[in-house]
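A.B. asks: sequence plus the predicted model coming up.
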Amino acid sequence: MEARKETHQFKTEVQQMLNLIINSLYSNKEIFLRELISNASDAIDKVRFKAETEPDILGDDTEFKIHLKPDAIKQTFEISDNGVGMTYDEVLENIGTIAKSGTAGFMEALEHAKGHTTLIPELIGQFGVGFYSAFMVADKITLVTRAAGAEANQAVKWVSTGDGSFTIEEAEKPTRGTTITLELKKKEKDEKDFTDQWVIRSIVKQHSDFVGYPITMEVERDEPLPDEEVIKDKDGKPIGATTRKVMKEETLNSMKAIWTRNSSDVKDEEYEEFYKHLGHDWNPPMERLHLKFEGTTEYDALLYIPSKAPFDLFTPERRHGIHLYSKRVFIMDDCKELMPEYFRFVKGVVDASDLNLNVSREILQQDRLVLNIQKNLVKKLFDLLEKMDAEKYNQFYDEFGAVLKEGIYTDPARKDKIASLARYKTTKSEDKWVSLDEYVKNMAEDQKEIYFITGDKLSSLLNSPHLEKLKEKDYEVLLMTDPVDEWVVQSLTEYDGKPLKSAEKGDLELDTVDDTKKEEYNALFGFIKGHLEDKIKEVKPSTRLKESVACLSGDAWDMSAYMEKLLKASGQKPPESKRVLELNMDHPVIEKIKALFESDRDNPQLKDYSQILFDMAVIGEGGKLDNPGQFSKMVGDLMAQAMG
Ligand code: ADP
Ligand code: MG
């Protein structure tokens, strides 16, 4: 029978990514080895896991290892594992199609970094980009793999030079697992030689030391010659060589699962290296937490808070950073059941000895043990954050505050705790973070509410006309500039017994409005409303303006302007809602318009003025005009008139 052999094109995104990888000037090309080793280690995890239920699957091939074989003469590098291997269809699906964890995040970040090609090396470092990173160092890659349980003649061979297509065909392989051969690119002057055993040794030590399986390599060693082979002079002194060069297989990694050790026995550098390995992060972590729980719930946990937020913290494909083990046997990564979403940036290992290795994600969700662990870990993390010194905490908050705050509306039971960890810039904080406790402590004597305003830019919030009266009263206002804040304020209606109140909605009740004066303006306000009917629902004397002429506000239950903007940006159509145009009755412009209105109600300029007032209110809160050209022309005409 003719063996099946097919040529396939890479998916467009894969090829785009390959081109970026191949052409990037990324200097840390050695990460390719970390990626291939981690795939090999994953594959062994998988076959061990499978063997739990199908013990026969291993046969006599039970000594797991990852073997490296550099060849300086052929300029090749080979990596083999006796892991789970892949079937023909799995190869097709896993290599050549996108949507693998690392690579998906990479593509997403690339989308965000559009045009900034200088960021690409950084992204490669951060995401690893998995299997494909081997094309940074290889012109051609050959992968031969035999799936666990398959016959020797049911192996698969995949070959590609990274330029658009790959071939896949049936092949033979005597043992289970995968062998990948790289035909190395010509080395540039100052690049590392990936066929040099010392180079490989140091890369493995640096990036893959904790991998749970031996990573082996044949290395050249000096061995003493047997006595009878040593040539000696007549006094018995050796002449010439006493040793010979031999090749010996050596294990390059320590395999130390440091989370199982006592924290007093683990050095800082070991913790840091482990983090870098686990988190695929080149930066040292900001904090670590090594916990051992004994008693009814027994487990070890080693958690880290990274020092920098990853690019994909807010993408739908984002992954959690917790790896779950049981007695050093890997169960799963991306373990969402152990950490709430708002701690998704925490990386680490949890090793729970009582967990069944066959546990599925569905079961994990209801497992009491897992729920207990989650509760413990969350508590410990809160303790850690509360104990951080202010400077460090601010750094933490700059990176992860927006994520942590999600907990205020997703975790009602811990709402107040998380609110106490939230920080905001305020009208008085001068760019420093302020906690709600500090805010409450600094409230004015007669102040009853916690004021806030939401929007996307700190500078425009700080100068928002809505805050003029509040500033005059010397009341502090929280400036909320994260999209999540819109959801936060919907759940956090009060803090420490003080209601939260939007500065742009409802009546601020800061001053009583002069009723007779209000009467006098009724007719004019009615006229303006009539002219702007399709844009606003009411014209009102303002309770919040001092210097500015006009602003837009909403009723207490209306959607804020920022929320409307957010919904529009995400492609949703916010419900039709008109806002209130507030006018400052103490402003000379309003008085003058009133005078004009009373002397000549039909004056066509009145309509222009109404429109300009509305447009000014929109601009004042950083909004966009529907017809900026018209506004500009009207203001131009006005200036010309004013200047005579
Ligand atoms: P990731 O490891 O993040 O899933 P990779 O690009 O590194 O992404 O690998 C893609 C997929 O190819 C893996 O998920 C796995 O299914 C498969 N694969 C890669 N290397 C091996 C291997 N040595 N043995 C078995 N499967 C592998
Ligand atoms: Mg991988």
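C.D. replies: Arrived safely. Ligands and ions are numbered 1, 2, ... in the order given.
A.B. asks: parallel or antiparallel, list what pairs with the helix or strand hosting Trp158.
C.D. replies: Taking DSSP states H and E as the criterion, the element that holds Trp158 is strand 155-160. Sheet pairing of strand 155-160 (DSSP bridges) gives strand 138-146 (antiparallel), strand 165-171 (antiparallel).
A.B. asks: mind saving the C-alpha coords of that strand as CSV?
C.D. replies: What follows is strand 155-160, C-alpha atoms only, in CSV (Å, rounded to 0.1, in the frame of the first residue of the first chain):
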residue,chain,number,x,y,z
ALA,A,155,4.3,6.8,13.3
VAL,A,156,4.0,10.2,11.6
LYS,A,157,6.6,12.4,10.1
TRP,A,158,6.1,16.2,9.8
VAL,A,159,8.6,18.3,7.9
SER,A,160,8.7,22.0,7.3
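A.B. asks: not counting that strand itself, show me its contacts.
C.D. replies: With contacts defined as Cβ atoms under 8 Å, 6 or more residues apart in numbering, strand 155-160 is touched by 10, 86-88, 91, 95, 140-146, 166-173. Quick note: C-beta positions are derived from backbone N, CA and C, even for glycine.
A.B. asks: give me the subset of those residues touching ligand 1.
C.D. replies: 86, 95 (Cβ under 6 Å from any ligand atom).
A.B. asks: quick check on the contacts of strand 155-160: which are buried?
C.D. replies: 10, 86-88, 91, 95, 140-146, 166, 168, 171, 173 (16 or more other Cβ atoms under 10 Å).
A.B. asks: could you check which helix or strand contains the spatially most distant residue from the centre of the chain?
C.D. replies: In the chain, Lys234 marks the outermost C-alpha relative to the chain mean, sitting 74.2 Å out by Cα atoms, centre = their mean. Using DSSP H and E, Lys234 is not contained in any helix or strand.
A.B. asks: list the buried residues of stretch 516-530.
C.D. replies: 521, 524-525, 527-529.
A.B. asks: residue of the stretch 251-400 of the chain closest to ligand 2, please.
C.D. replies: Here the stretch 251-400 of the chain gets closest to ligand 2 at one residue, His280, 9.6 Å apart by Cβ to the ion.
A.B. asks: returning to what we had before: narrow the buried residues of stretch 516-530 to those in strands?
C.D. replies: Among the buried residues of stretch 516-530, no member falls in strands (DSSP state E).
A.B. asks: put together TSV for those, with distance to Glu111 and pLDDT on each row.
C.D. replies: As requested, those are exported to TSV (distance: Cβ to Cβ, whole Å; pLDDT from 0 to 100):
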residue	distance to Glu111	pLDDT
Tyr521	52	91
Leu524	51	93
Phe525	48	94
Phe527	50	94
Ile528	45	95
Lys529	45	94
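A.B. asks: who wins for proximity to Glu472 among the strands paired with strand 155-160?
C.D. replies: Nearest to Glu472 among those is strand 138-146 (68.6 Å), distances taken as Cβ to Cβ.
A.B. asks: which stretches of the stretch 101-250 of the chain form helices?
C.D. replies: Assigned by DSSP state H, counting those that start in this stretch, the stretch 101-250 of the chain shows helices spanning 101-112, 120-127, 197-208.
A.B. asks: please work out the average pLDDT along the second one.
C.D. replies: This predicted structure assigns helix 120-127 an average pLDDT of 66.
A.B. asks: separation between whichever residue of the chain sits closest to ligand 1 and Asn262?
C.D. replies: Nearest to ligand 1 in the chain, going by Cβ to the nearest ligand atom, is Gly130, at a distance of 2.3 Å. From Gly130 across to Asn262, the span is 35 Å (Cβ to Cβ, to the nearest Å).
A.B. asks: more crowded one of these two?
C.D. replies: Gly130 (20 against 9; other Cβ atoms under 10 Å).
A.B. asks: longest helix in this protein, please.
C.D. replies: helix 31-53 (DSSP state H).
A.B. asks: tell me which helix or strand comes right after that one.
C.D. replies: Next helix or strand after helix 31-53 toward the C-terminus (DSSP H and E): strand 66-71.
A.B. asks: quick check, Leu184 in contact with Gln75.
C.D. replies: Yes - the pair formed by Leu184 and Gln75 meets the contact definition of Cβ atoms under 8 Å, at 4.8 Å.
A.B. asks: shared neighbours of those two, anything?
C.D. replies: Shared contacts of Leu184 and Gln75, counting by Cβ under 8 Å, 6+ apart, come down to Thr195.
A.B. asks: sorry, back to before: I'd guessed the residue of the chain closest to ligand 1 sits against Glu35; true?
C.D. replies: Yes - assessed by Cβ under 8 Å, Gly130 is found in contact with Glu35 at 5.4 Å.
A.B. asks: helices or strands next to the longest helix of the chain in the packing?
C.D. replies: Helices and strands touching helix 31-53, by 3 or more Cβ pairs under 8 Å, 6 or more residues apart in numbering; DSSP states H and E, are strand 66-71, strand 76-81, strand 177-184, helix 197-208, strand 329-332.
A.B. asks: can you list the buried residues in the longest one?
C.D. replies: When you say that, I think you mean helix 197-208. 197, 200-201, 203-204, 207-208.
A.B. asks: per-residue confidence for the residue lying closest to Arg328 once chain neighbours are set aside?
C.D. replies: Excluding its sequence neighbours, the residue lying closest to Arg328 (Cβ to Cβ, 6 or more residues apart in numbering) is Ala257, at 5.0 Å. For Ala257, the model assigns a pLDDT of 83.
A.B. asks: same question, Gln366
C.D. replies: Model confidence at Gln366, given as pLDDT, is 80.
A.B. asks: measure it to Thr297 for me?
C.D. replies: Note on Gln366: its distance to Thr297, by Cβ to Cβ, is 16 Å.
A.B. asks: these two: who's more crowded?
C.D. replies: Neighbour tally, Gln366 and Thr297, criterion other Cβ under 10 Å: the higher count belongs to Thr297, 16 against 9.
A.B. asks: doesn't that one belong to a helix?
C.D. replies: No - counting by DSSP: H, G, I helix; E, B strand; the rest coil, Thr297 is not part of a helix but coil.
A.B. asks: that one against Val370, yeah?
C.D. replies: No - between Thr297 and Val370 there is no contact under Cβ under 8 Å: 9.5 Å.
A.B. asks: pull up the overlap in contacts between these two.
C.D. replies: Residues touching both Thr297 and Val370 (Cβ under 8 Å, 6+ apart) are Ala352.
A.B. asks: surely Glu191 meets Lys29?
C.D. replies: Yes - counting by Cβ under 8 Å, Glu191 sits close enough to Lys29 to count as a contact (7.1 Å).
A.B. asks: so which of the two has more stuff around it?
C.D. replies: More crowded of Glu191 and Lys29, by other Cβ under 10 Å: Lys29, with 20 against 13.
A.B. asks: let me know the secondary structure of that one.
C.D. replies: Lys29 ends up coil, using three-state DSSP.
A.B. asks: how near is the residue of the stretch 251-400 of the chain closest to ligand 2 to Asp193?
C.D. replies: Counting by Cβ to Cβ, the separation of His280 from Asp193 is 24 Å.
A.B. asks: more neighbours: which of these two?
C.D. replies: Legend: neighbour count by other Cβ under 10 Å for His280 and Asp193, higher for His280 (20 against 14).
A.B. asks: and Pro310, helix, strand or coil?
C.D. replies: Assignment for Pro310 (three-state DSSP): coil.
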